[in-house]
Structures are given as C-alpha cells and as structure tokens.
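Engineer: Please work out how this folds:
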Amino acid sequence: MNTGKVDVLLGLQWGDEGKGKVVDVLTPKYDVIARFQGGPNAGHTLEFEGQKYVLRSIPSGIFQGGKVNIIGNGVVLAPDLFMQEAKDLEKSGHDLKSRLYISKKAHLIMPTHRVLDAAIEASKGKNKVGTTGKGIGPTYTDKVSRTGLRVGDILDNFEAKYEAHKAKHLKQIASLGYTDFDITEVEKTWMEGIEYLKQFRMVDSEVEINKVLRSGKDILCEGAQGTMLDIDFGSYPFVTSSNTVCAGACTGLGVAPNKIGDVYGIFKAYCTRVGSGPFPTELFDKTGDQICTLGHEFGSVTGRKRRCGWVDLVALKYSIMVNGVTKLIMMKSDVLDTFETIKACVAYKMNGEEIDYFPYDITDEVEPIYVELPGWQTDMTKMQSEDEFPEEFNAYLSFLEEQLGVQIKIVSVGPDREQTIIRYTEE
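Structural biologist: Residues are numbered from 1 along each chain as shown. Below is the predicted model:
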C-alpha cells in the first residue's frame, strides 16, 4: 500500500530561527502543512513579493494555493487573535475557509488565562520566567490538570462551560491578590472570535492526517519556538509549556512515530534568545549590538529585543540528538557578512572542567570555549547559488557540518523567499 510521508520542521535554538520562511519554501513538495504545538506567542514572519506577513497560529503553508493547512490538537488557540490574524490574511486575498482545518481537541486560551499569566508572573518577583503574557502557560496547565476548554466545546452548551471555567479562573486570580485587570472589552472580542471560528472546518485532526497518509499524500509538520524551549529538554524553568521537539509532532497531531521521515532542523548562523534564562554565548558588547541591529532581532509578535550571541554548537548538537535531525537549514547567514572574525562555541568550561555536552543545569559560571574562523566580508544577499559563495563561507559551512555531523541542505541569505539557496539535491 502506497502511504504518504510525514516530515517535520522545527527550530534547534531558543526560537526565532526563521521557520516560517522555510516552511513556505518547502511547502510546494507537500500536500498538507500542519502546526503541532504552541500558541500565538510564536510569530512566523514571511516576506515575498514586497509584502511582510506574521503568522501566529495559522500554518505557514497558507500562502500556497490549494494546500490543506491543519491546526493540530497540540496547539492552544486564542479565538480573538486567530480572528484578527485570519481576517488580515483574507484582506490580502488568501482564501482560508476552504483550506484551513482546526482540531476539535485544540485547547482554547480564555481572556482569564491572560490575566492569570500576568498574575502568576507578578507573584514571582525577581524569578520571572519572561512569558509573553498571552496566556499560553495557564492554558497548558488547565490542559494537563484536565480542566481545559477545547475547540470542540464550542459546538455544545458552550456558554455554560465558559462561565464555569471563568469563575474558577477568577478565584485563582483573587487568591494571588491580583486586581489590576478588566476583561470586558477583551471578552467581547473573544466571543466574536468564537463565532468566527464556527465558520471553519473543525475536525478530529488525527483522523484527517492519517486519512491523508493512507491516500499517499505527504505532510509537513511545523513546530513553533525552538528545541531549547521544550518543556522537558529545554533550559528549564525558562521554557515554553509544550513539547517543541520532534516527538511533539506525534502527540500534537496524532502521527505514529514510524511515520516520521525527514526531520529538518533550522538554526541561525549565530544565536538569539528572548526573555529570561541561560544563554552561554550571549554577547554584551558592541558585537552583540551589531548582530541585533543587522539581524533586526526584535520579536515579530511581542517586539521585544532579542539577546544575541555567537552560534552554540554544544546546544545545537544536543538539539540534533533529541530530534533525530536528518537535514540542517541555516538562516540569516547574511547578518554575519561584515564580520572580520566569526566565533563558534565548541565546548563549555564548568567548574574548571571542559565539557562538550549540554548539562542539566546551565549557570552563570558556564564559560563558552570558542573556535575562531575568518569572516567572508562579502555581501551575500544577491547570491543565487552556492557556486557564488566565498571561500571563507564555504569553510564555515564545512566546519559546522563536521562538528554537527549533519549536512546543511539549505542556506538563507536574506529575508525574502527568493533568498534561499539549496545546496544538496535529493538523492
């Protein structure tokens, strides 16, 4: 029996690697694009034909005509933000209702989840995690504690269910002594979002996806955030609330592990992080500021400035291991075009000892050990094939491949869809 395949694309660092653009580049090969976890705290930016789009919950394959896009059960959905995002896309001429399916098992982010998010973060004092305040954590908490509200609940006695959940949240907020909120307007828009959601096809996404596979069609699963933010394998507790690793595609969509084919791991030629938490290669000097400016390192959803540093190969090797990455994709190579010297962290020094693995606890005492490589000092943004790559850039790629043990299949040399160079053709 001819069955389709499921490939996975995910971030290998602390998010913001540029997944949206790459999904959009890869989608012509696939029949279905499915988002498997995360919520509207993750923004995937795509630029083409002079237009810039930021997707928060909708899969990045929505720009490819005729492709089915699925929001899976592992996603948490905010109806008001989804409505805003979808209407903006519809204004630009993209027909969503015929090709976007939403899992009935996806959990809903309520207005009170956002208040809870703010209340919990405020109660932590100096030990803040640095959440985006979108209500993601509290929604996943309700999911795990088996008290969540799901998309499928919209279809039956919804108002009573909503009021019961809201009352429970208000008690929790009161117990935290948090009073600085008013959800009246937000709730009104949220309820409009609920009505808007009803216009879409709500499905059992695991059934739909396996039906697609049985018909011989191929699926690309799109992750949000990055591996180092995974609830189990990231730099805990400074992580997100879902499984951002490859295994999350199985639980977030209902895909059996033996159906997973290629795993595309995406990383930047350097490294960034948003919010609190360890970041061994972070730069606090002019070089860090320069990378931030050249890379426009500000959150596509939150606008927050990202912390910047050199590429961390210790963390990357760890991410490649836990995800079973088969192909690497390097983004934002052009950001390093002007640097005379490029650094890459190959090990950590911890308690006087050199280690080459990602430890249980990353503390401020971790000192990165760098290898220095000559920069290419060439504008790569106009390049259209790897034949044009400068010698120093090829040397950087070869060094990374040797260290990481996986081929870098795609190199991005600018934000536009066209500025994407494929290095290895399929066997």
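
Engineer: Would you mind naming the residues that bridge with I410?
Structural biologist: Residues in a beta bridge with I410, per DSSP bridges, are I329, I422.

Engineer: hang on, it packs against I421?
Structural biologist: Yes: the pair I410 / I421 is scored as a contact, 7.0 Å apart, by Cβ atoms under 8 Å. To be clear about C-beta, it is placed using only N, CA and C from the backbone, and glycine gets the same treatment.

Engineer: low pLDDT regions in the stretch 51-200 of the chain?
Structural biologist: 125-132 (pLDDT under 70).

Engineer: For it, which segments count as strands?
Structural biologist: Here the stretch 51-200 of the chain has its strands, by DSSP state E, counting those that start in this stretch, at 51-55, 68-71, 76-77, 100-103, 107-108.

Engineer: Can you tell me what sits against the second one?
Structural biologist: With contact meaning Cβ atoms under 8 Å, 6 or more residues apart in numbering, strand 68-71 is reached by 31-35, 57-59, 61-62, 77, 99-103, 106, 203, 205, 208-209, 212, 253.

Engineer: who touches the residue of the chain most remote from its centre in this structure?
Structural biologist: The outermost residue of the chain, judged against the average C-alpha position, is G352 (34.7 Å), by Cα atoms, centre = their mean. By Cβ under 8 Å, 6+ apart, G352 lies in contact with nothing.

Engineer: distance of it from A86?
Structural biologist: Using Cβ to Cβ, to the nearest Å, G352 is found at 55 Å from A86.

Engineer: now the helices for the stretch 301-427 of the chain?
Structural biologist: Under the criterion DSSP state H, counting those that start in this stretch, the stretch 301-427 of the chain contains helices at 313-323, 391-404.

Engineer: Give me the contact list for stretch 98-106.
Structural biologist: In contact with stretch 98-106 (Cβ under 8 Å, 6+ apart) are residues 58-59, 62, 66-77, 86, 150-152, 155, 197, 200-206, 208.

Engineer: For ChimeraX, write a command that selects the buried ones of the contacts of strand 68-71.
Structural biologist: Buried subset of those, written as a ChimeraX selection, criterion 16 or more other Cβ atoms under 10 Å:
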select :31,32,33,34,35,57,58,59,61,62,77,99,100,101,102,103,106,203,205,208,209,212,253
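
Engineer: Identify those among the contacts of strand 68-71 that sit within helices.
Structural biologist: S205, E208, I209, V212, L253 (DSSP state H).

Engineer: wait, doesn't the last one sit right on I33?
Structural biologist: This points to L253. No: judged on Cβ under 8 Å, L253 makes no contact with I33 at a distance of 11.3 Å.

Engineer: buried residues in stretch 209-218?
Structural biologist: I209, N210, V212, L213, K217, D218.

Engineer: Which two of those residues have the greatest separation?
Structural biologist: Farthest apart among the buried residues of stretch 209-218 by Cβ to Cβ are N210 and D218. That separation is 13.2 Å.

Engineer: Between the two, which contacts overlap?
Structural biologist: What both N210 and D218 touch, as defined by Cβ under 8 Å, 6+ apart, is an empty set.

Engineer: Helices along the stretch 101-250 of the chain, start to end?
Structural biologist: Under DSSP H, counting those that start in this stretch, the stretch 101-250 of the chain gives helices at 111-123, 136-144, 158-175, 184-197, 205-214, 247-253.

Engineer: Turn those helices into JSON lines, including distance to L373.
Structural biologist: Shown next, in JSON lines, are these (distance: least, Cβ to Cβ, whole Å):
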{"stretch": "helix 111-123", "distance to L373": "40"}
{"stretch": "helix 136-144", "distance to L373": "38"}
{"stretch": "helix 158-175", "distance to L373": "52"}
{"stretch": "helix 184-197", "distance to L373": "49"}
{"stretch": "helix 205-214", "distance to L373": "43"}
{"stretch": "helix 247-253", "distance to L373": "33"}
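
Engineer: out of these, which comes closest to N394?
Structural biologist: helix 247-253 (32.6 Å).

Engineer: Next up, the contacts around F389.
Structural biologist: W376, M380, M383, L397 are the contacts of F389 under Cβ under 8 Å, 6+ apart.

Engineer: any weak-confidence spans in the stretch 251-400 of the chain?
Structural biologist: Checking the stretch 251-400 of the chain against pLDDT under 70 turns up 300-302, 364.

Engineer: Please enumerate the strands of it.
Structural biologist: 260-268, 271-273, 307-309, 311-312, 327-331, 341-350, 353-355, 367-374.

Engineer: got these as CSV, with distance to V6 and mean neighbour count columns?
Structural biologist: Listed next are these as CSV, based on distance: least, Cβ to Cβ, whole Å; neighbours: other Cβ atoms under 10 Å:
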stretch, distance to V6, mean neighbour count
strand 260-268, 6, 23
strand 271-273, 29, 26
strand 307-309, 33, 23
strand 311-312, 29, 25
strand 327-331, 15, 24
strand 341-350, 32, 18
strand 353-355, 35, 11
strand 367-374, 36, 15
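
Engineer: P359: how many residues sit nearby?
Structural biologist: By the criterion of other Cβ atoms under 10 Å, P359 has 12 neighbours.

Engineer: Phi, psi for it please.
Structural biologist: phi -80, psi 170 (degrees, to the nearest 10).

Engineer: Stretch 404-420: end-to-end distance?
Structural biologist: 21 Å (Cα to Cα, to the nearest Å).

Engineer: list the buried ones in that stretch?
Structural biologist: 404, 406, 408-417, 419-420.

Engineer: who's in contact with that stretch?
Structural biologist: The contact list for stretch 404-420, computed with Cβ under 8 Å, 6+ apart, reads 18, 21-22, 24-25, 45-48, 264-265, 313, 316-317, 320, 325-334, 380-381, 383, 386, 397, 400-401, 421-424.

Engineer: Would you list the buried entries among these?
Structural biologist: Here, 16+ other Cβ under 10 Å leaves 18, 21-22, 24-25, 45-47, 264-265, 313, 316-317, 320, 325-334, 380, 383, 397, 400, 421, 423 buried among the contacts of stretch 404-420.

Engineer: Thanks a lot, catch you later.
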